[in-house]
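Student: the following block contains a protein sequence and its predicted model.
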Amino acid sequence: MEGVQPEGVGDKYSLIVPTYNERLNIALLVYLVFKHLRDVDFEIIIVDDGSPDGTQDVVKQLQQVYGDDRILLRARPRKLGLGTAYAHGLKHASGNFVVIMDADLSHHPKYLPSFIKKQQETGASIVTGTRYVKGGGVHGWTLMRKLTSRGANVLAQTFLWPGVSDLTGSFRLYRKSVLEDLISSCVSKGYVFQMEMIVRASRKGYHIEESIWKFKAWGI
Amino acid sequence: MKHIVKIITFLVAISAMWIGLLEMSVVPRSQTWLLPIYFIVSLGCYGLLMVGIGLMQFPTCPQEAVLLQQDVVEAKDFLKQRGVDVGSE
């Protein structure tokens, strides 16, 4: 059942960032989050899978700058997979909304305010980013990548009628209870997992809204 | 209604229409037998068309690369001053 509390009052946002060898990117990401979410109550939960490049040391330095109440390091001993990283981060999340972000800046924090605003305006349980609507976009994709992305979307639209325009992008804001429900219901792994989550959410009747973003991964 | 039920209902409905056409002989029989093949081929063409259109209209944003570079420079400056190690890997 969807929540009926008034939106915007006392909302806290937990940003979960799984990392592996992202010592530079995580610092950039944290800086940009603090830059774009000035008047927002949030925490960043970094789930690092024992990176050998010193990612966790950089995170500790960031905690000195920004406070360890805003930056939580919840590491794991070795690479244990993305799906379990989300679940692990979720366990430590104290917010009522969750955003799962990639560390490589493809999920640029500058879109977070518009996602949050969309959710507050509509009371949605999920705000899913779309790159395929006017105003969105991608940069740095080869023709092959565009082809597979378009092909996957057309197939999925024809057979699954998901109700969203971008199934494969994974930049989404979830109400925490909804994300917990979806993670426990999904069975696939990797790339397909993101698609499965949004299709299941659509089937379960959750209120889903879209918000545009532009994809540009750092380093490509 | 569950999604798979909707899909099966649709398939049953068009199968019923196809059998109906076979029985009624309004359309020549030889043509009617081929209708399912026409349907599948049309579906394939439609899919390819949608992929092609989507590819042509694929929104791109080259200016994002520039903006990202600026963000990186700004971030590195700020963090370096505060003791965060941002040397390249």
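Tutor: Happy to help now that I have it.

Student: what's the closest non-adjacent residue to residue A:114?
Tutor: Excluding its sequence neighbours, the residue lying closest to residue A:114 (C-beta to C-beta, 6 or more residues apart in numbering or on different chains) is residue A:211, at 5.4 Å. (Each C-beta comes from the backbone N, C-alpha and C, glycine too.)

Student: my guess is that neighbour contacts residue A:127. True?
Tutor: Yes: in this structure, residue A:211 is within contact of residue A:127 by C-beta atoms under 8 Å, at 5.3 Å.

Student: who touches both of the two?
Tutor: In terms of C-beta atoms under 8 Å, 6 or more residues apart in numbering or on different chains, residue A:211 and residue A:127 are both contacted by the residues A:115, A:118.

Student: neighbour count winner among the two?
Tutor: residue A:127 (27 against 24; other C-beta atoms under 10 Å in any protein chain shown).

Student: now do residue 33, the pLDDT please.
Tutor: In the absence of a named chain, chain A is used. Residue A:33 carries a pLDDT value of 94.

Student: chain B was what I was after
Tutor: So, for residue B:33, pLDDT stands at 77.

Student: what residue is smack in the middle of chain B?
Tutor: residue B:51 (6.7 Å; C-alpha atoms, centre = their mean).

Student: got it, and chain A?
Tutor: Nearest to chain A centroid, counting by C-alpha atoms, centre = their mean: residue A:100, 2.5 Å.

Student: and the end-to-end length of stretch B:19-34?
Tutor: End-to-end distance of stretch B:19-34 (C-alpha to C-alpha, to the nearest Å): 12 Å.

Student: bridged to residue A:211, which residues?
Tutor: Bridge pairing for residue A:211 (DSSP bridges) gives the partners residue A:129.

Student: separation between it and residue A:130?
Tutor: Note on residue A:211: its distance to residue A:130, by C-beta to C-beta, to the nearest Å, is 7 Å.

Student: how distant is the lowest-mean-pLDDT helix or strand in chain A from the center of its chain?
Tutor: Using mean pLDDT, DSSP states H and E, strand A:137-138 stands out as the lowest-scoring helix or strand of chain A, at a mean of 82. Strand A:137-138 sits 17 Å away from the centroid of its parent chain (C-alpha atoms, centre = their mean, to the nearest Å).

Student: following it, which helix or strand comes up?
Tutor: The helix or strand immediately downstream of strand A:137-138 is helix A:143-160, counting by DSSP states H and E.

Student: and that next one, what does it pack against?
Tutor: helix A:191-203, helix B:29-56 (3 or more C-beta pairs under 8 Å, 6 or more residues apart in numbering or on different chains; DSSP states H and E).

Student: neighbours of residue B:32, how many?
Tutor: Around residue B:32 there are 18 residues (other C-beta under 10 Å).

Student: got a list of contacts for the helix or strand residue B:16 falls within?
Tutor: Taking DSSP H and E as the definition, one finds residue B:16 inside helix B:3-24. Contacts to helix B:3-24, defined as C-beta under 8 Å, 6+ apart, come from residues A:159-161, A:203, B:27, B:29, B:32-33, B:35-36, B:39.

Student: list the buried residues in it.
Tutor: Neighbour-count burial for helix B:3-24, with 16 or more other C-beta atoms under 10 Å in any protein chain shown as criterion, is recorded at residue B:21.

Student: and that helix, what's its mean pLDDT?
Tutor: Here the average pLDDT along helix B:3-24 is 84.

Student: between that helix and helix B:29-56, how many degrees?
Tutor: With axes from the mean of the first three to the mean of the last three C-alpha atoms, to 10 degrees defining the directions, helix B:3-24 sits at 140 degrees from helix B:29-56.

Student: give me the distance from helix B:3-24 to the chain's centre.
Tutor: How far helix B:3-24 lies from its chain's middle: 25 Å, per C-alpha atoms, centre = their mean.

Student: now do stretch A:140-157
Tutor: 21 Å.

Student: okay, now the unreliable bits of chain A?
Tutor: Applying pLDDT under 70 to chain A flags residues A:1-9, A:191, A:217-220.

Student: just the helices from it, written as ranges.
Tutor: Along chain A, the stretches classed as helices by DSSP state H are A:23-36, A:55-66, A:82-91, A:112-122, A:143-160, A:176-185, A:191-203.

Student: dump the helices and strands packed on helix A:143-160 to TSV, plus distance to residue A:109.
Tutor: TSV is the format used below for the helices and strands packed on helix A:143-160 (distance: least, C-beta to C-beta, whole Å):
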stretch	distance to residue A:109
helix A:191-203	19
helix B:29-56	28
